[in-house]
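Visitor: can't give you the sequence, but here's the structure:
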């Protein structure tokens, strides 16, 4: 295992929402990857600079300089989904920002791993209208990864993420099971795991149609309406939130700082 240190950059996906620990903090796929790498390399250190709600330009402006100062040997960078959900999304600008960030990290000697996101349209027909944006973001990630010799995780065609059990009740963030599968995908991309993460979950009871409609109404009231309200007010979910692991530090078996 060639890396002695790992820094994870991004938004809520990398921060670990919604994979809660008993103390109310979040674990997530990056912590799971760090724990696996730590078991392979004594003295392995890990930082997680991700903050929920961040746009890609914010990630690059706030987190990339910090990562360059820490000088980790492996960096994961995920961003652009929050940008893509906004009407002002500019695919060309997103590609340029991502290119500059990866170029700086690679020039500093870090290996970089990027991710092509899942296809959400199977779970939500409403999202088919923004499929051109989804494609543009994923194409930019794939192209930048190829240009700079990055590791790349491809979740787009992984049908296991069509299963609602891979997602938290807000239908936007991963569930604990979803984070475990994403961690497996990262480890496979790094050459340290296999494709078992793609295997489907055991069949689940589909439930009654009325229960599904009730769940939809509850989701609209509990999750969609507050999200729309924050968009109207221009308030980020990450306001006042700081990185959970701002320094490279040793990790225990669960990915927590030690």
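Guide: Received the coordinates, thanks. Since the model is a prediction, treat every value here as computed from it, not as a measurement.
Visitor: Residue 5 is in contact with residue 44, isn't it?
Guide: Yes. Residue 5 lies in contact with residue 44 (CB atoms under 8 Å); the separation is 6.9 Å. Glycine gets a C-beta too; all of them are placed from N, C-alpha and C.
Visitor: so what's residue 84 up against?
Guide: 94, 130, 133, 134, 137 (CB atoms under 8 Å, 6 or more residues apart in numbering).
Visitor: contacting residues around the third one?
Guide: The contact partners of residue 133, taken as CB under 8 Å, 6+ apart, are 84, 89, 91.
Visitor: could these be laid out in JSON lines, adding distance to residue 126?
Guide: Formatted as JSON lines, the contacts of residue 133 follow (distance: CB to CB, whole Å):
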{"residue": "84", "distance to residue 126": "14"}
{"residue": "89", "distance to residue 126": "16"}
{"residue": "91", "distance to residue 126": "20"}
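Visitor: Look up the residues forming beta bridges with the nearest residue to residue 245 once chain neighbours are set aside.
Guide: Spatially, and ignoring its direct neighbours in sequence, residue 245 is nearest to residue 48 (4.1 Å; CB to CB, 6 or more residues apart in numbering). For residue 48, the beta-bridge partners are residue 8, residue 245 (DSSP bridges).
Visitor: between the contacts of residue 133, which is nearest residue 69?
Guide: Nearest to residue 69 among the contacts of residue 133: residue 84, at 28.7 Å, using CB to CB.
Visitor: Which pLDDT value belongs to that closest one?
Guide: Predicted confidence (pLDDT) for residue 84: 91.
Visitor: Need phi/psi at it.
Guide: Here is the backbone geometry of residue 84 (degrees, to the nearest 10): phi -60, psi -30.
Visitor: excluding its backbone neighbours, what's nearest residue 79?
Guide: Sequence neighbours aside, residue 56 is the residue nearest to residue 79 in space, at 3.9 Å (criterion: CB to CB, 6+ apart).
Visitor: residues contacting that neighbour?
Guide: So residue 56 contacts 79, 80, 82, 83, 94, 97, 98 (CB under 8 Å, 6+ apart).
Visitor: Much appreciated, bye for now.
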